[in-house]
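1. could you work out the structure for the sequence below:
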Amino acid sequence: MKTILIVDDEPRTRQGIKRTLESWSPGHYQFETFASAQEAMDWLQSNEAVLLITDIRMPEINGLRLIEEINDKHPALFVIVISGYSEFEYARTALQYGVIDYLLKPIDKNKLTHAVEVALERNDQKQRIERMEKIVDTRLMSTSDGNNQYSEPVREAINYIEAHLEEPISLRELAEMSHMNANYFSVLFKEHTGLTFSDYLTRRRVQRAKELIVGTTLSVNEISERVGYQTAKYFIKVFRKLEGMSPGQYRQQMNESNN
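-> Got it, this is the predicted structure:
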(Lines give C-alpha, C1' and ligand atoms only; values in the text may rest on other atoms or scores of the structure.)
Protein backbone atom coordinates (compact mmCIF):
# COMPACT_ATOMS: atom_id res chain seq x y z
CA MET A 1 0.00 0.00 0.00
CA LYS A 2 1.34 3.43 -0.94
CA THR A 3 2.08 5.86 1.87
CA ILE A 4 1.26 9.56 2.24
CA LEU A 5 3.13 11.60 4.87
CA ILE A 6 1.52 14.45 6.81
CA VAL A 7 3.83 16.81 8.72
CA ASP A 8 2.49 19.60 10.94
CA ASP A 9 3.32 20.64 14.49
CA GLU A 10 -0.38 21.29 15.17
CA PRO A 11 -2.08 17.98 16.17
CA ARG A 12 -5.52 19.23 15.13
CA THR A 13 -4.33 20.13 11.63
CA ARG A 14 -2.48 16.92 10.86
CA GLN A 15 -5.27 14.73 12.22
CA GLY A 16 -7.82 16.78 10.28
CA ILE A 17 -5.88 16.25 7.04
CA LYS A 18 -5.58 12.55 7.76
CA ARG A 19 -9.33 12.16 8.42
CA THR A 20 -10.19 14.10 5.26
CA LEU A 21 -7.97 11.91 3.09
CA GLU A 22 -9.09 8.68 4.75
CA SER A 23 -12.70 9.63 3.95
CA TRP A 24 -11.70 10.60 0.40
CA SER A 25 -9.95 7.29 -0.32
CA PRO A 26 -10.78 4.72 2.35
CA GLY A 27 -8.37 1.80 2.55
CA HIS A 28 -6.34 2.77 -0.52
CA TYR A 29 -3.42 4.54 1.14
CA GLN A 30 -1.49 4.38 4.37
CA PHE A 31 -1.11 7.68 6.24
CA GLU A 32 1.80 8.53 8.50
CA THR A 33 1.63 11.70 10.61
CA PHE A 34 4.55 13.56 12.18
CA ALA A 35 4.80 16.55 14.50
CA SER A 36 8.16 17.68 13.13
CA ALA A 37 10.26 17.67 9.98
CA GLN A 38 12.96 15.69 11.78
CA GLU A 39 10.53 12.86 12.55
CA ALA A 40 9.57 12.70 8.87
CA MET A 41 13.20 12.67 7.74
CA ASP A 42 14.03 9.91 10.21
CA TRP A 43 11.10 7.84 8.93
CA LEU A 44 12.19 8.31 5.31
CA GLN A 45 15.62 6.87 6.03
CA SER A 46 14.14 3.38 6.09
CA ASN A 47 10.74 3.78 4.41
CA GLU A 48 9.23 5.06 1.17
CA ALA A 49 6.28 7.31 0.41
CA VAL A 50 4.64 8.75 -2.69
CA LEU A 51 3.51 12.10 -1.28
CA LEU A 52 4.47 14.52 1.47
CA ILE A 53 2.05 17.13 2.83
CA THR A 54 3.92 19.56 5.06
CA ASP A 55 3.44 22.81 6.93
CA ILE A 56 5.95 25.60 6.26
CA ARG A 57 6.40 27.13 9.71
CA MET A 58 7.45 24.58 12.30
CA PRO A 59 9.88 24.66 15.25
CA GLU A 60 13.54 23.65 14.76
CA ILE A 61 13.43 22.53 11.10
CA ASN A 62 10.86 24.39 8.99
CA GLY A 63 8.96 23.03 6.00
CA LEU A 64 11.23 24.67 3.42
CA ARG A 65 14.25 22.95 4.91
CA LEU A 66 12.36 19.66 4.82
CA ILE A 67 11.44 20.22 1.16
CA GLU A 68 15.07 20.99 0.36
CA GLU A 69 16.11 17.76 2.07
CA ILE A 70 13.43 15.82 0.19
CA ASN A 71 14.48 17.35 -3.11
CA ASP A 72 18.05 16.26 -2.48
CA LYS A 73 17.59 12.77 -1.03
CA HIS A 74 14.13 11.71 -2.21
CA PRO A 75 13.56 13.44 -5.57
CA ALA A 76 10.79 11.02 -6.54
CA LEU A 77 8.62 12.15 -3.60
CA PHE A 78 5.91 14.67 -4.53
CA VAL A 79 5.19 17.53 -2.11
CA ILE A 80 2.17 19.66 -1.17
CA VAL A 81 2.80 22.68 1.08
CA ILE A 82 0.29 24.02 3.62
CA SER A 83 0.70 27.29 5.48
CA GLY A 84 -1.11 29.87 7.55
CA TYR A 85 0.81 32.56 5.69
CA SER A 86 0.30 33.80 2.15
CA GLU A 87 3.76 35.34 1.98
CA PHE A 88 5.06 35.44 -1.57
CA GLU A 89 8.61 34.43 -0.66
CA TYR A 90 7.44 31.22 0.99
CA ALA A 91 5.36 30.28 -2.03
CA ARG A 92 8.06 31.19 -4.53
CA THR A 93 10.73 29.19 -2.71
CA ALA A 94 8.43 26.18 -2.38
CA LEU A 95 7.53 26.28 -6.07
CA GLN A 96 11.22 26.43 -6.99
CA TYR A 97 11.50 22.97 -5.46
CA GLY A 98 8.69 21.72 -7.68
CA VAL A 99 5.91 21.35 -5.10
CA ILE A 100 2.53 20.34 -6.47
CA ASP A 101 0.50 23.01 -4.67
CA TYR A 102 0.62 25.65 -1.93
CA LEU A 103 -2.52 25.54 0.24
CA LEU A 104 -3.45 28.15 2.82
CA LYS A 105 -4.97 27.41 6.22
CA PRO A 106 -7.74 26.89 7.08
CA ILE A 107 -7.50 24.16 4.49
CA ASP A 108 -10.35 23.77 2.05
CA LYS A 109 -11.13 20.03 1.86
CA ASN A 110 -11.93 20.12 -1.85
CA LYS A 111 -8.70 21.93 -2.68
CA LEU A 112 -6.76 19.47 -0.55
CA THR A 113 -8.21 16.37 -2.19
CA HIS A 114 -7.78 17.92 -5.65
CA ALA A 115 -4.11 18.69 -4.95
CA VAL A 116 -3.58 15.12 -3.71
CA GLU A 117 -5.28 13.71 -6.82
CA VAL A 118 -2.98 15.79 -9.05
CA ALA A 119 0.10 14.63 -7.13
CA LEU A 120 -0.87 10.96 -7.26
CA GLU A 121 -1.69 11.17 -10.97
CA ARG A 122 1.74 12.66 -11.65
CA ASN A 123 3.28 9.89 -9.61
CA ASP A 124 1.41 7.29 -11.66
CA GLN A 125 2.52 8.93 -14.90
CA LYS A 126 6.13 8.96 -13.74
CA GLN A 127 5.94 5.28 -12.81
CA ARG A 128 4.42 4.40 -16.19
CA ILE A 129 7.24 6.21 -17.97
CA GLU A 130 9.88 4.53 -15.81
CA ARG A 131 8.22 1.19 -16.43
CA MET A 132 8.24 1.70 -20.20
CA GLU A 133 11.88 2.78 -20.10
CA LYS A 134 12.71 -0.51 -18.40
CA ILE A 135 10.75 -2.48 -20.99
CA VAL A 136 11.93 -0.74 -24.15
CA ASP A 137 15.00 -2.02 -26.00
CA THR A 138 16.91 1.10 -27.00
CA ARG A 139 18.49 -0.67 -29.97
CA LEU A 140 15.01 -1.39 -31.32
CA MET A 141 13.92 2.19 -30.63
CA SER A 142 16.62 3.49 -32.95
CA THR A 143 15.41 1.19 -35.73
CA SER A 144 11.80 2.34 -35.20
CA ASP A 145 12.83 5.98 -35.48
CA GLY A 146 14.32 5.38 -38.92
CA ASN A 147 11.67 3.02 -40.25
CA ASN A 148 10.27 5.53 -42.77
CA GLN A 149 13.73 6.06 -44.23
CA TYR A 150 14.36 2.37 -44.92
CA SER A 151 14.11 0.85 -48.34
CA GLU A 152 10.81 -0.81 -49.17
CA PRO A 153 12.08 -4.41 -48.72
CA VAL A 154 13.39 -3.63 -45.23
CA ARG A 155 10.17 -1.81 -44.23
CA GLU A 156 8.09 -4.72 -45.48
CA ALA A 157 10.27 -7.18 -43.60
CA ILE A 158 9.93 -5.24 -40.33
CA ASN A 159 6.14 -4.99 -40.78
CA TYR A 160 5.94 -8.71 -41.54
CA ILE A 161 7.96 -9.59 -38.43
CA GLU A 162 5.67 -7.39 -36.33
CA ALA A 163 2.54 -9.11 -37.68
CA HIS A 164 3.86 -12.69 -37.50
CA LEU A 165 6.05 -12.65 -34.40
CA GLU A 166 4.48 -15.82 -33.00
CA GLU A 167 5.32 -17.76 -36.18
CA PRO A 168 8.62 -19.22 -37.46
CA ILE A 169 10.34 -16.50 -39.53
CA SER A 170 13.48 -16.99 -41.60
CA LEU A 171 15.76 -14.63 -43.45
CA ARG A 172 15.35 -16.69 -46.60
CA GLU A 173 11.56 -16.40 -46.38
CA LEU A 174 11.67 -12.60 -46.16
CA ALA A 175 14.25 -12.37 -48.93
CA GLU A 176 12.04 -14.44 -51.24
CA MET A 177 9.08 -12.18 -50.47
CA SER A 178 11.14 -9.28 -51.83
CA HIS A 179 12.54 -11.37 -54.73
CA MET A 180 16.07 -10.98 -53.42
CA ASN A 181 19.06 -13.16 -52.81
CA ALA A 182 19.23 -14.06 -49.08
CA ASN A 183 22.83 -12.88 -48.72
CA TYR A 184 22.10 -9.54 -50.36
CA PHE A 185 18.97 -9.05 -48.25
CA SER A 186 20.95 -9.83 -45.09
CA VAL A 187 23.51 -7.12 -45.93
CA LEU A 188 20.74 -4.65 -46.81
CA PHE A 189 18.87 -5.28 -43.55
CA LYS A 190 22.01 -4.78 -41.46
CA GLU A 191 22.94 -1.66 -43.42
CA HIS A 192 19.57 -0.02 -42.74
CA THR A 193 18.83 -1.12 -39.17
CA GLY A 194 22.31 -1.53 -37.71
CA LEU A 195 21.29 -5.01 -36.55
CA THR A 196 21.61 -8.39 -38.16
CA PHE A 197 18.31 -10.02 -39.08
CA SER A 198 18.78 -12.63 -36.36
CA ASP A 199 19.58 -10.03 -33.70
CA TYR A 200 16.62 -7.87 -34.70
CA LEU A 201 14.19 -10.79 -34.62
CA THR A 202 15.47 -11.97 -31.24
CA ARG A 203 15.28 -8.50 -29.72
CA ARG A 204 11.78 -7.93 -31.10
CA ARG A 205 10.57 -11.23 -29.67
CA VAL A 206 12.07 -10.52 -26.26
CA GLN A 207 10.59 -6.99 -26.38
CA ARG A 208 7.12 -8.43 -26.99
CA ALA A 209 7.74 -10.98 -24.25
CA LYS A 210 8.58 -8.22 -21.76
CA GLU A 211 5.35 -6.42 -22.67
CA LEU A 212 3.37 -9.61 -22.02
CA ILE A 213 5.24 -10.36 -18.80
CA VAL A 214 4.41 -6.91 -17.43
CA GLY A 215 0.96 -6.42 -18.93
CA THR A 216 -0.59 -9.88 -18.51
CA THR A 217 -0.69 -12.86 -16.16
CA LEU A 218 0.24 -15.31 -18.91
CA SER A 219 2.62 -18.09 -17.90
CA VAL A 220 6.17 -18.25 -19.26
CA ASN A 221 5.13 -21.22 -21.44
CA GLU A 222 2.25 -19.25 -22.96
CA ILE A 223 4.42 -16.18 -23.54
CA SER A 224 7.15 -18.23 -25.21
CA GLU A 225 4.59 -19.56 -27.70
CA ARG A 226 3.18 -16.09 -28.38
CA VAL A 227 6.59 -14.72 -29.28
CA GLY A 228 7.58 -17.54 -31.60
CA TYR A 229 9.59 -19.98 -29.48
CA GLN A 230 8.77 -23.66 -29.70
CA THR A 231 10.04 -24.45 -26.21
CA ALA A 232 9.96 -22.42 -23.01
CA LYS A 233 13.43 -23.72 -22.14
CA TYR A 234 15.02 -22.09 -25.19
CA PHE A 235 12.98 -18.92 -24.70
CA ILE A 236 14.24 -18.60 -21.11
CA LYS A 237 17.82 -19.10 -22.32
CA VAL A 238 17.47 -16.33 -24.94
CA PHE A 239 15.68 -14.01 -22.50
CA ARG A 240 18.34 -14.48 -19.84
CA LYS A 241 21.12 -13.77 -22.35
CA LEU A 242 19.57 -10.41 -23.30
CA GLU A 243 18.15 -9.29 -19.95
CA GLY A 244 20.52 -10.92 -17.48
CA MET A 245 17.66 -12.67 -15.65
CA SER A 246 14.89 -15.19 -16.27
CA PRO A 247 11.37 -14.12 -17.35
CA GLY A 248 10.09 -15.01 -13.87
CA GLN A 249 12.72 -12.87 -12.18
CA TYR A 250 11.94 -10.02 -14.58
CA ARG A 251 8.24 -10.19 -13.71
CA GLN A 252 9.01 -10.18 -9.99
CA GLN A 253 11.35 -7.20 -10.36
CA MET A 254 8.80 -5.20 -12.35
CA ASN A 255 6.02 -6.01 -9.86
CA GLU A 256 8.18 -4.89 -6.96
CA SER A 257 9.10 -1.62 -8.68
CA ASN A 258 5.42 -0.89 -9.29
CA ASN A 259 4.45 -1.29 -5.62
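2. double-check that residue 180 belongs to a strand.
-> No: assignment of residue 180 by DSSP: H, G, I helix; E, B strand; the rest coil gives coil, placing it outside any strand.
3. phi and psi next, for it.
-> phi -130, psi 160 (degrees, to the nearest 10).
4. could you point out the longest helix in the chain?
-> helix 109-135 (DSSP state H).
5. in that helix, which residues are buried?
-> 112, 115-116, 119-120, 123 (16 or more other C-beta atoms under 10 Å). All C-beta atoms are positioned from the backbone trio N, CA, C, and that covers glycine.
6. what ranges in the stretch 151-259 of the chain fall below the confidence cut-off?
-> For the stretch 151-259 of the chain, the stretches with pLDDT under 70 are 257-259.
7. all helices of it, in order?
-> For the stretch 151-259 of the chain, applying DSSP state H, counting those that start in this stretch gives helices covering 152-163, 171-177, 182-193, 197-215, 220-226, 232-243, 247-258.
8. the ones you listed: which one's closest to residue 36?
-> Residue 36 lies closest to helix 247-258 among the helices of the stretch 151-259 of the chain, at 30.9 Å (C-beta to C-beta).
9. could you name the helices and strands sitting against the closest one?
-> helix 109-135, helix 197-215, helix 220-226, helix 232-243 (3 or more C-beta pairs under 8 Å, 6 or more residues apart in numbering; DSSP states H and E).
10. the first one to helix 197-215, inter-axis angle?
-> This means helix 109-135. 150 degrees (axes from the mean of the first three to the mean of the last three C-alpha atoms, to 10 degrees).
11. chain center to helix 109-135, what's the gap?
-> Mean-position distance between helix 109-135 and its chain equals 10 Å (C-alpha atoms, centre = their mean, to the nearest Å).
12. likewise the shortest one?
-> Put simply, helix 220-226 sits 24 Å off its chain's centre (C-alpha atoms, centre = their mean).
13. same question for stretch 29-36.
-> The answer for stretch 29-36 is 25 Å, by C-alpha atoms, centre = their mean.
14. need the residues that contact it.
-> Applying C-beta atoms under 8 Å, 6 or more residues apart in numbering, the contact partners of stretch 29-36 are 1-9, 11, 14-15, 18, 21-22, 40, 43, 47, 49, 58-61.
15. give me the buried subset of those.
-> 4-9, 14, 18, 21, 40, 43, 49, 58, 61.
16. and the two most separated of these?
-> 21 and 61 (23.6 Å).
17. circling back to that earlier point, keep only those of the contacts of stretch 29-36 that are in strands.
-> 2-7 (DSSP state E).
18. on that earlier part again, closest to residue 209 out of the buried ones among the contacts of stretch 29-36?
-> residue 49 (32.9 Å).
19. I figured that closest one hits residue 5, correct?
-> Yes: in this structure, residue 49 is within contact of residue 5 by C-beta atoms under 8 Å, at 4.9 Å.
20. about what we covered before: between the ones in strands among the contacts of stretch 29-36, which is nearest residue 136?
-> residue 2 (24.9 Å).
21. which residue comes closest to that closest one once chain neighbours are left out?
-> Among residues not flanking residue 2 along the chain, residue 50 sits closest, at 4.7 Å (C-beta to C-beta, 6 or more residues apart in numbering).
22. what score does the one you found have for pLDDT?
-> Note on residue 50: pLDDT of 95.
23. what's the distance between residue 13 and residue 77?
-> Counting by C-beta to C-beta, to the nearest Å, the separation of residue 13 from residue 77 is 20 Å.
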